[in-house]
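Asker: structure, please.
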Amino acid sequence: MIQEFTGPEGHRTAFRIAGHGPAKVLLLHALTGGPHAADAPGAKGWWAPMFKAEAPLVAEAATVWTPNLAGSCYGSGGPEPAGGYSTRYQAEILARWLEAQDLRFEALLGGSLGGMVALELALLAPDRFRSVGVIGCGGRADAWLWGTNEAQRAILASPSLADGEAISLARRVAMLTFRSPQGLAERFNTAASIREWLAFHGQALADRFTRAAYVNLLDAMDGHDLGRDRGGLAAALGRLGAPLHVLGLETDQLFSRASLEELMGAAREAGRLGCARWVQSPHGHDAFLIEWDQVEAWVREVLP
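Answerer: Purely as a prediction, here's the structure:
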């Protein structure tokens, strides 16, 4: 069941609670995810294998809160931020929710955009998490991320395209950054087959997402810089109240290895690095939604 928290300024955060186990976990979704990380009636969970029998987030072992990020279209809402959407703004909304309901967790987890927001939230509410784990994201956006997002944003900004068509075309661009050349070569041996795959995923997103939310979340990713106004990345990470565990994706085409190594190195310099692991996979950025055995092993390391 989706629940909702409305803050004092009218910001609404939709969230779902899955499970009833002793380990309390806050899990933040990636770009087009939402509150359904676990399967639910009528909804396929985007991280469902992590909730199955004997998995680390199975109902008997964990209680998992999965909120919808501000700017998305699965229950979040309220006044638009004057300065636009950012990962810091999204984290501020979540921090107010946690404070209002006095929520504390054994672990904070997030992947991709969710990892960016998790980093910000861990600094805004350092006493509410015993462990922090992020997957497939760096401490700041870089030129490659800005460029790939701008290619999608240009499509979304086209006045000649209807909403569904714009979303579908932008998603096709995104899918190429979510996978790797190696993984695509292993799967497709004709141009027609990959065109069909891209069209399918483009239409699937158009059927469930909104143009405004897509732009909001691309903007948030673009502005991500954990060290801004905090003395740099290492100084910012020194404020963490819990160890930071990082999971990189070996063939990631969206977040470079250099950006992950920068985050790991800064956490090490700050004395806050927990485990630093890499998923070995040909599937690129989406490996954290595919390589379940490796991701599960990392989640077990993160949970205190």
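
Asker: which residues does D286 contact?
Answerer: By C-beta atoms under 8 Å, 6 or more residues apart in numbering, D286 lies in contact with F178, R179. C-beta here means a position set from N, CA and C on the backbone, and glycine is covered the same way.

Asker: can I take it that it is in a helix?
Answerer: Yes - judged by DSSP: H, G, I helix; E, B strand; the rest coil, D286 forms part of a helix.

Asker: how near is the most far-flung residue of the chain relative to its centre to G42?
Answerer: Seen from the C-alpha centroid of the chain, the residue lying at the greatest distance (C-alpha atoms, centre = their mean) is T190, 31.7 Å away. Counting by C-beta to C-beta, to the nearest Å, the separation of T190 from G42 is 35 Å.

Asker: cool, G147 as well?
Answerer: Distance, G147 to G42, by C-beta to C-beta: 37 Å.

Asker: show me which of those two is the more surrounded one.
Answerer: A side-by-side neighbour count of G147 and G42, using other C-beta atoms under 10 Å, places G147 first with 10 against 6.

Asker: which helix or strand contains the more buried one?
Answerer: helix 143-156 (DSSP states H and E).

Asker: against which helices or strands is that helix packed?
Answerer: Counting contacts by 3 or more C-beta pairs under 8 Å, 6 or more residues apart in numbering; DSSP states H and E, helix 143-156 is packed against helix 163-178, helix 211-222.

Asker: is T63 bridged to anything, and to what?
Answerer: Beta-bridge partners for T63, by DSSP bridges, are K24.

Asker: quick one: it and R16 touch, right?
Answerer: No - the criterion here is C-beta atoms under 8 Å, and T63 misses it with R16 at 11.1 Å.

Asker: now the helices and strands packed on helix 143-156 in TSV, with mean neighbour count and mean pLDDT?
Answerer: Formatted as TSV, the helices and strands packed on helix 143-156 follow (neighbours: other C-beta atoms under 10 Å; pLDDT from 0 to 100):
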stretch	mean neighbour count	mean pLDDT
helix 163-178	20	98
helix 211-222	21	98
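
Asker: just give me the neighbour total for P159.
Answerer: P159 has 5 neighbouring residues, counting by other C-beta under 10 Å.

Asker: got it, and A38?
Answerer: The burial count for A38: 25, using other C-beta under 10 Å.

Asker: ok, A143 next?
Answerer: 8.

Asker: just the one 3 residues further on next, same as before
Answerer: When neighbours are counted by other C-beta under 10 Å, W146 registers 14.

Asker: make residue 1 into 12 and carry on from there
Answerer: Done: numbering now begins at 12, and the last item shifts to W157.

Asker: that one contacts D233, correct?
Answerer: Yes - with contact defined as C-beta under 8 Å, W157 counts as touching D233 (5.6 Å).

Asker: which residues in this structure form strands?
Answerer: Secondary structure of the chain (DSSP state E): strands located at 13-17, 23-29, 34-39, 73-78, 118-122, 143-146, 255-260, 284-290.

Asker: pop the domain breakdown of the chain in here.
Answerer: 13-153+236-313, 154-230 (automatic domain parsing).

Asker: need the winner for burial among those domains.
Answerer: domain 13-153+236-313 (a mean of 20; mean count of other C-beta atoms under 10 Å).

Asker: now that one, how far from the centre of its chain.
Answerer: How far domain 13-153+236-313 lies from its chain's middle: 6 Å, per C-alpha atoms, centre = their mean, to the nearest Å.

Asker: next one: stretch 214-224
Answerer: Per C-alpha atoms, centre = their mean, the centroid offset for stretch 214-224 relative to its chain is 17 Å.

Asker: and that stretch, end to end?
Answerer: Stretch 214-224 has an end-to-end distance of 16 Å (criterion: C-alpha to C-alpha, to the nearest Å).

Asker: cool, and stretch 131-151?
Answerer: OK, stretch 131-151 end separation, C-alpha to C-alpha: 11 Å.

Asker: including distance to R23, could the helices and strands packed on helix 154-167 go into JSON lines?
Answerer: As requested, the helices and strands packed on helix 154-167 are exported to JSON lines (distance: least, C-beta to C-beta, whole Å):
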{"stretch": "helix 174-189", "distance to R23": "22"}
{"stretch": "helix 222-233", "distance to R23": "14"}
